[in-house]
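1. Sequence and predicted model, in that order:
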Amino acid sequence: MSAITPPTGVPPKPGAPPPGSPPMGTAPGTQVTPNRGSEIAAAQGAGLVIKLMGDLIPKAGAATDFGLALAKAIQSLAKFVPQGASNPNAEQQQMKDLMTRQKQMTQLPPGGSPAPGTPPV
């Protein structure tokens, strides 16, 4: 496959990228560097989600469509969570964080933004 060339007699603009090249900033050399701390926190959170979903299966009924969907979701997530990524201390911290976020969300006025001058929670 050859690059697209301008019609004969029309020279390319000076300083313009060659035709068919990707837009600036999208080249493979500009990949995002993963944040290892965020990855670990996400794995711990996913571990908690897997545990909570596992607790729901008996309540939903393992043979029901809902129970089977929960089991399938657990299998899909478990591929990305290393063994031991979630422990009781991490789970407790995740639950505290969720409760704090929930409390903050219920304190926001309608529209979602805090009133001007309100100190952060």
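-> Perfect, I can see it now.
2. How much space separates Glu91 from Asp55?
-> Distance of Glu91 to Asp55, given as C-beta to C-beta, to the nearest Å: 12 Å. Just so you know, the C-beta spots here come from the backbone N, C-alpha and C atoms, and that holds for glycine as well.
3. Show me the shaky parts of the protein.
-> By pLDDT under 70, the low-scoring segments of the chain are 1-31, 108-121.
4. nearest spatial neighbour of Gly45, skipping sequence neighbours?
-> Leaving aside its sequence neighbours, Gly45 sits nearest to Gln94 (C-beta to C-beta, 6 or more residues apart in numbering; 5.6 Å).
5. what about that neighbour, is that helix, strand or coil?
-> Three-state call for Gln94 (DSSP: H, G, I helix; E, B strand; the rest coil): helix.
6. Quick one: the helices in this structure, in order.
-> 36-60, 65-78, 88-107 (DSSP state H).
7. So what touches stretch 43-50?
-> Residues outside stretch 43-50 that contact it (C-beta atoms under 8 Å, 6 or more residues apart in numbering): Ile74, Leu77, Ala78, Phe80, Val81, Pro82, Ala85, Ser86, Ala90, Glu91, Gln94, Met95.
8. Which residues lie in contact with the residue nearest to Gly45 in this structure?
-> Gln94 neighbours (C-beta under 8 Å, 6+ apart): Gln44, Gly45, Leu48.
9. Quick check: the second one vs Thr100, distance?
-> Which is Gly45. 14 Å.
10. Compare those two (neighbour count), which wins?
-> Counting neighbours by other C-beta atoms under 10 Å for Gly45 and for Thr100 shows that Gly45 has the greater number, 18 against 11.
11. Which one's more surrounded, Glu91 and Asp55?
-> Glu91 (16 against 10).
12. tally of neighbours for the closest residue to the more buried one other than its chain neighbours?
-> Computed as C-beta to C-beta, 6+ apart, the closest residue to Glu91 that is not its neighbour in sequence is Leu48, at 5.0 Å. Neighbours of Leu48 under the rule other C-beta under 10 Å: 20.
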